[in-house]
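Visitor: pasting the structure only:
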């Protein structure tokens with residue numbers, strides 16, 4: 001990033017701090033947890049939207065770049081990480097979720113926003129949806145273009161996320177995903193396109209609402225997904241290893257057995273169609289289940305419901321990456337295979 005621009009921005013930020021604190025005293029408090037990603041990305045070229053460096057801009061600069069934030073909330077920030085979302089790991093997730101839970105317990109806090117890279121945004125959003133127990137909004141936001149790009153989308157996305165987190169109508173809706181003027185449930189929303197701005201969708205379930213001139217508008221009264229579980233992670237220090245395997249023609253059990261040998265405590269398979277597998281894989285799945293290691297059969301199709309299975313566990317509404325998150329939390333809680341089956345198949 002240009003050093004002169006950085007110096008001027010920081011000076012302006014320091015100058016405005018005292019005024020902003022006074023002016024925002026009567027506004028709801030929203031805390032932004034920054035983890036990096038494209039929204040904090042930078043490139044030497046303002047037309048580069050694919051080969052930029054993610055996680056180069058800190059939370060203070062993200063906030064300073066959108067001065068309109070102070071019109072709607074008293075915004076504070078914390079840098080949890082500053083990296084490509086493919087580097088987000090369980091240590092970051094556990095720290096983030098615990099920090100959010102503590103922050104939301106503060107009566108002065110209206111809601112929180114998490115800035116995140118889009119590649120694994122849905123996994124973090126889903127993890128927070130299952131582990132943060134609060135009626136206050138948790139909003140996960142990212143960008144498909146870096147901050148240095150022409151028509152960068154991060155600034156508007158961040159403004160909308162903060163407005164949503166400070167809106168009373170956003171309560172009791174669980175964690176939400178905000179990009180491209182859309183409000184999605186973290187439980188269902190997934191990334192559907194590698195580069196386009198309108199990538200985050202819940203094809204079967206739809207959106208919760210949308211933004212008009214930056215103001216959130218909901219389609220429905222607050223509700224939650226049927227049988228959505230909650231996991232108390234306040235005392236968890238690590239999560240069991242769960243591996244995802246991909247199904248294809250002429251597949252054999254080599255990678256399944258290697259994953260178990262490597263210490264995997266659970267397996268998710270992105271099967272074809274309705275979680276389908278070859279005969280040889282079905283036998284290997286049953287063998288693994290008989291050893292007390294749960295195998296969840298999801299689908300590589302990107303959409304649809306996977307029905308209950310005799311060999312393994314049908315994933316229900318969960319895609320492979322979300323099935324992995326749920327299975328890992330269930331194992332960390334010490335749940336039995338039958339209890340785990342109920343999470344997915346009931």
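Guide: Yep, it's here. Source: prediction; values computed, not measured.
Visitor: the spatially most central residue of the chain in helix, strand or coil?
Guide: Nearest to the mean C-alpha position of the chain, by Cα atoms, centre = their mean, lies residue 125 at 2.5 Å. Going by DSSP: H, G, I helix; E, B strand; the rest coil, the secondary structure assigned to residue 125 is helix.
Visitor: not counting residues beside it along the chain, what's closest to it?
Guide: Distances taken as Cβ to Cβ, 6 or more residues apart in numbering put residue 186 closest to residue 125, at 3.6 Å, once the chain neighbours are dropped. For the C-beta atoms, the positions are set from N, CA and C on the backbone; glycine is no exception.
Visitor: returning to what we had before: so the residue nearest to the centre of the chain makes contact with residue 175?
Guide: Yes - between residue 125 and residue 175 there is a contact under Cβ atoms under 8 Å: 5.3 Å.
Visitor: please, where are all the strands along this protein?
Guide: In the chain, the segments counted as strands under DSSP state E are 29-36, 74-83, 109-115, 138-141, 175-179, 182-185, 190-191, 200-201, 209-212, 215-218, 242-246, 266-271, 295-299, 313-314.
Visitor: can you lay out those strands as a markdown table showing mean pLDDT?
Guide: Below are the strands of the chain laid out as a markdown table (pLDDT from 0 to 100):
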| stretch | mean pLDDT |
| --- | --- |
| strand 29-36 | 98 |
| strand 74-83 | 98 |
| strand 109-115 | 98 |
| strand 138-141 | 98 |
| strand 175-179 | 98 |
| strand 182-185 | 98 |
| strand 190-191 | 98 |
| strand 200-201 | 98 |
| strand 209-212 | 98 |
| strand 215-218 | 98 |
| strand 242-246 | 98 |
| strand 266-271 | 98 |
| strand 295-299 | 98 |
| strand 313-314 | 98 |
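Visitor: out of those strands, nearest to residue 333?
Guide: With Cβ to Cβ as the criterion, residue 333 lies closest to strand 266-271 of these, at 12.3 Å.
Visitor: who does the closest one touch, helix- and strand-wise?
Guide: strand 242-246, helix 254-261, helix 279-290, strand 295-299, helix 320-332 (3 or more Cβ pairs under 8 Å, 6 or more residues apart in numbering; DSSP states H and E).
Visitor: list the contacts of that strand.
Guide: The contact list for strand 266-271 (Cβ atoms under 8 Å, 6 or more residues apart in numbering) reads 240-247, 256, 259-260, 275, 277, 281, 285, 288, 293-300, 306, 312, 315, 320, 323-324, 327-328, 331.
Visitor: parallel or antiparallel, list what pairs with it.
Guide: Next to strand 266-271 in the sheet, as set by DSSP bridges, lie strand 242-246 (parallel), strand 295-299 (parallel).
Visitor: picking that back up, for residue 206, find the nearest of the helices and strands packed on strand 266-271.
Guide: Per Cβ to Cβ, nearest to residue 206 of those: helix 320-332, 17.2 Å.
Visitor: just want the angle from the closest one to strand 295-299.
Guide: Counting by axes from the mean of the first three to the mean of the last three Cα atoms, to 10 degrees, helix 320-332 lies at 160 degrees to strand 295-299.
Visitor: contact partners of helix 320-332?
Guide: Contacts of helix 320-332 with the rest of the structure, by Cβ under 8 Å, 6+ apart, involve 90, 120, 122-123, 126-127, 130-131, 190, 229, 231, 233, 236, 238-240, 242, 244, 265-266, 268-270, 294, 296, 298-300, 315, 318, 339-340, 343-344.
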